[in-house]
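Visitor: Output the structure for:
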Amino acid sequence: MSLKRPQTKFNRLFLSDITISISLGKEYSSEEEQLRFLTFSRNVESIESHNNEAEAGNFTNRLGITVSSDTPLKEA
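Guide: Reported below is the predicted structural model:
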């Protein structure tokens, strides 16, 4: 299965995350990188949604991007 990376606002953030991941010894095949990008994009959308709700007073904490942001839940 070949996935094309969608051109979204997440590209720059993901490239930064991949650079950090590589420096930590993570290596991904092309296909896995595409899957990681999709996971990363979904996680960033969840982070942004949560933080918007925090701004509205629905949560007392804020979330951020970490080196695990491209990790699917089944690996966490």
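
Visitor: now for the helix ranked longest in the chain, which elements pack on it?
Guide: As assigned by DSSP state H, the longest helix anywhere in the chain is helix 30-55. Secondary structure elements in contact with helix 30-55, counted by 3 or more C-beta pairs under 8 Å, 6 or more residues apart in numbering; DSSP states H and E, are helix 10-23. Yep, even glycine has a C-beta here, placed from its N, CA and C like the rest.

Visitor: Go through the longest helix of the chain and flag the buried ones.
Guide: By neighbour count, and taking 16 or more other C-beta atoms under 10 Å as the criterion, the buried residues in helix 30-55 are E33, Q34, R36, F37, L38, T39, F40, S41, N43, V44, I47.

Visitor: any idea how far the residue nearest to G64 when sequence neighbours are not counted is from S30?
Guide: Distances taken as C-beta to C-beta, 6 or more residues apart in numbering place I47 nearest to G64, at 6.8 Å, with adjacent residues excluded. Taking C-beta to C-beta, to the nearest Å as the measure, I47 falls 26 Å from S30.

Visitor: ok, now E48?
Guide: With distances defined as C-beta to C-beta, the gap from E48 to S30 amounts to 27 Å.

Visitor: Kindly state the pLDDT recorded for E53?
Guide: Reading off the confidence values, E53 has pLDDT 97.

Visitor: I'd say it and F59 touch.
Guide: Yes: under the criterion of C-beta atoms under 8 Å, E53 is in contact with F59, at a separation of 5.6 Å.

Visitor: follow-up on the earlier one: looking at the buried residues of helix 30-55, which is nearest V67?
Guide: Distance from V67 was checked for each of the buried residues of helix 30-55 by C-beta to C-beta. The minimum falls on F40, at 11.0 Å.

Visitor: and the residue lying closest to that closest one once chain neighbours are set aside, which of the three is it?
Guide: Nearest-residue entry for F40: D70, 4.2 Å, with adjacent residues in sequence omitted and distances by C-beta to C-beta, 6+ apart. For D70, the assignment made with DSSP: H, G, I helix; E, B strand; the rest coil gives coil.
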